[in-house]
Every structure is written in structure tokens, then in C-alpha cells.
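Peer 1: Everything below, folded, please.
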Amino acid sequence: MTRSQMYTALALANIPEDEFERLIESDAAPSIETLARIGRGLDPQRERDRGPLSQLIAAWRNASDDERAAFLEHIDETD
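Peer 2: Numbering: from 1, shown residues only. A predicted model of the protein is given here:
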């Protein structure tokens with residue numbers, strides 16, 4: 001299991017069981033990413049309503065070390 005997968009699993013485990021079941025059994029079941037945001041205490045709708053810079057900051061905070069390194073490598077390639 002990667003570090004990112006571990007953090008996602010921990011976030012999913014933070015969702016109360018009855019709420020998790022309700023969410024995944026709904027007609028429009030949320031994605032794993034949305035469930036992880038819910039488990040981290042983030043409101044997915046509020047995240048969509050924020051501007052791009054706020055979204056980037058939130059993504060950076062939630063990213064694993066490997067994801068951050070990959071992002072920085074990508075930025076270096078575009079210079």
C-alpha cells in the first residue's frame with residue numbers, strides 16, 4: 001500500500017459507518033476522492049466554489065510527499 005492509499009483509507013475510515021453506507025448506496029455514489037474529502041472534514045461543494053488558487057493550496061496540503069515531488073518535477077519540466 002502506498003502512502004497516498006494509506007491516507008485515503010484513513011480518511012474513509014473517518015466517515016461514520018451509517019453515513020458511509022448511505023453515501024455509497026445512493027444513486028449518485030461519490031468518488032473515492034470525494035469520500036476521502038468528506039472523511040477529512042472537507043466539504044466537496046465548498047471546494048468547487050473556491051477559486052483555483054485556494055483549490056491548489058488545498059490539494060497541496062492533502063497531497064502525499066510523492067505527489068508533491070511529482071508535481072514539482074512537472075513544474076520544473078515546464079520552465
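
Peer 1: Which parts of the chain are helices?
Peer 2: For the chain, the helices defined by DSSP state H occupy 3-13, 17-25, 32-39, 44-49, 52-62, 65-78.

Peer 1: hey, which of those is tucked in deepest?
Peer 2: The highest mean neighbour count among these, using mean count of other C-beta atoms under 10 Å, belongs to helix 32-39: a mean of 17. Using the backbone N, CA and C atoms, a C-beta is placed for each residue, glycine as well.

Peer 1: by contact count, what packs against that one?
Peer 2: Contact here means 3 or more C-beta pairs under 8 Å, 6 or more residues apart in numbering; DSSP states H and E; on that basis helix 32-39 packs against helix 3-13, helix 17-25, helix 44-49.

Peer 1: Could I have the CA atoms of the second one written out in PDB?
Peer 2: Yep, that's helix 17-25 we're talking about. C-alpha atoms of helix 17-25 as PDB (Å, rounded to 0.1, in the frame of the first residue of the first chain):
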ATOM      1  CA  GLU A  17     -20.400   3.700   9.100                       C
ATOM      2  CA  ASP A  18     -24.100   4.700   8.600                       C
ATOM      3  CA  GLU A  19     -23.100   7.800   6.600                       C
ATOM      4  CA  PHE A  20     -20.600   5.900   4.500                       C
ATOM      5  CA  GLU A  21     -23.300   3.200   3.700                       C
ATOM      6  CA  ARG A  22     -25.800   5.900   2.800                       C
ATOM      7  CA  LEU A  23     -23.300   7.600   0.500                       C
ATOM      8  CA  ILE A  24     -22.100   4.500  -1.400                       C
ATOM      9  CA  GLU A  25     -25.700   3.100  -1.700                       C
END
